[in-house]
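Q: Provided below for reference: sequence and predicted model.
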Amino acid sequence: MTEFLDACYVAIRKQETSIANTLAAVNTQDATILHDKRLIILTGCGDSLAAADYGKWAFLRQGMNAVTLSPSELTQVHLDKDCVVIGVSASGRSLATVDALKLAQESKAATVLLTDKEDRDTVGYADYTWTTKSGATSYNISPSSITTAAMAYLLRLSVENQEAQQTKISSDVNLLKSGGKKIVDWAEKIGKQIAEVPILGKPLFMISEGANYTAAQVGMMKFNEYGVLQSTTALWEDFRHHYVLTINKDDGAVLITDSPPKEDDRRYLHALLDTLKMRSYHLFTPEEIGLRTSLGQAISNSIALQMAAYYNVLKHDSHKEGWRKPNVDAFKIY
């Protein structure tokens, strides 16, 4: 074990409290700037883009018109005063997200920075700042609590619009406030199991759709960050229609679905295991955890995959002391 890996684990376990702390800190009046907007655009990079995509699903569920774009894609859409651009940058360091916010301001769109570090210079490029409470003390580790804190913040704001008609989502928000230890304990147990699925030298596919596709994105990035194996995401239908053609025996797959599982999920898993001969795991948050919606379950599933990647690197490279060099310096992103 190394200080780097110890810090990564501590950050994952911090989600016992960081999600609840963030939910408690949300100013529900922040949601008013989303009212009556023609278009809500969420943007970010890496884990922050995954959190942005999660926000898209949270807002869409409430009937708001929301899309997710990579920062450089904002040049290809029409922006005006009836739009709001939410830039997610947990560490507040992303140059691409800053550029996107500058472009949005020049186009008269309302701008928001969702960050864990409101003392960064990036705050000056947004009309509003929303701040999460991840408890992270270092941003040179595998991101974990800062990602789910951003997800929780966006979920809480989305509930403000139609809370009376979305009792299941409100229930999930309340459980995330009080059940952090139970969720993280479950995630660690499941993560240890998933860590045994992939074989070195074989790809690992994260397959999902909807809000849980955020969990797939998070899982993919966690495995890739440690540099032990390569992972990729695939949408449920895209995997069936295209990715399936590339599969070889003993390739890895994690199928991430809503709970409770449906017959379609079981048939899909059967095809992965028995027809394609993949080393596969079906990840879903069990009903006894108490999260009732895909939006709530996407957070717990994300934590399980963070744990899986951590325990996988412990198995194969327990002396890892940091990110690969010069890989992290290939592009100047901060």
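A: Happy to help now that I have it.
Q: make it CA atoms for all contacts and neighbour counts henceforth
A: OK.
Q: Extract the CA atoms of stretch 70-85 and return them as CSV.
A: Provided in CSV are the C-alpha atoms of stretch 70-85 (Å, rounded to 0.1, in the frame of the first residue of the first chain):
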residue,chain,number,x,y,z
SER,A,70,-18.5,18.6,-24.0
PRO,A,71,-17.1,22.1,-23.4
SER,A,72,-15.8,22.5,-27.0
GLU,A,73,-19.1,21.5,-28.4
LEU,A,74,-20.8,24.7,-27.1
THR,A,75,-19.6,26.5,-30.3
GLN,A,76,-22.0,24.4,-32.3
VAL,A,77,-25.2,25.4,-30.6
HIS,A,78,-27.3,28.6,-30.5
LEU,A,79,-26.9,30.3,-27.1
ASP,A,80,-29.0,33.3,-25.9
LYS,A,81,-30.5,34.8,-22.7
ASP,A,82,-33.0,32.1,-22.6
CYS,A,83,-30.3,29.5,-22.0
VAL,A,84,-28.4,28.5,-18.8
VAL,A,85,-25.0,26.8,-19.0
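Q: Just the element for Val85, please.
A: Counting by DSSP states H and E, the element that carries Val85 is strand 83-88.
Q: partners of that strand in the sheet?
A: Sheet pairing of strand 83-88 (DSSP bridges) gives strand 39-44 (parallel), strand 110-115 (parallel).
Q: want to try TSV for those strands, with mean pLDDT, distance to Ala234 and mean neighbour count as columns?
A: Output for the strands paired with strand 83-88, formatted as TSV (pLDDT from 0 to 100; distance: least, CA to CA, whole Å; neighbours: other CA atoms under 10 Å):
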stretch	mean pLDDT	distance to Ala234	mean neighbour count
strand 39-44	98	20	26
strand 110-115	96	27	26
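Q: thought Gly290 was touching Asn174?
A: No. Taking contacts as CA atoms under 8 Å, Gly290 lies outside contact range of Asn174: 10.4 Å.
Q: residue ranges with poor pLDDT in the protein?
A: 119-123, 161-166 (pLDDT under 70).
Q: Can you show me the CA trace of the helix or strand that the strand holding Val85 is followed by as CSV?
A: Moving toward the C-terminus from strand 83-88, the next helix or strand (DSSP H and E) is helix 95-106. What follows is helix 95-106 as a C-alpha-only set of coordinates in CSV (Å, rounded to 0.1, in the frame of the first residue of the first chain):
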residue,chain,number,x,y,z
LEU,A,95,-9.5,25.3,-18.7
ALA,A,96,-12.0,23.9,-21.2
THR,A,97,-14.9,24.5,-18.8
VAL,A,98,-13.7,28.0,-18.2
ASP,A,99,-13.6,28.6,-22.0
ALA,A,100,-17.2,27.2,-22.2
LEU,A,101,-18.4,29.6,-19.5
LYS,A,102,-16.7,32.6,-21.2
LEU,A,103,-18.4,31.7,-24.5
ALA,A,104,-21.8,31.4,-22.7
GLN,A,105,-21.4,34.8,-21.1
GLU,A,106,-20.5,36.4,-24.4
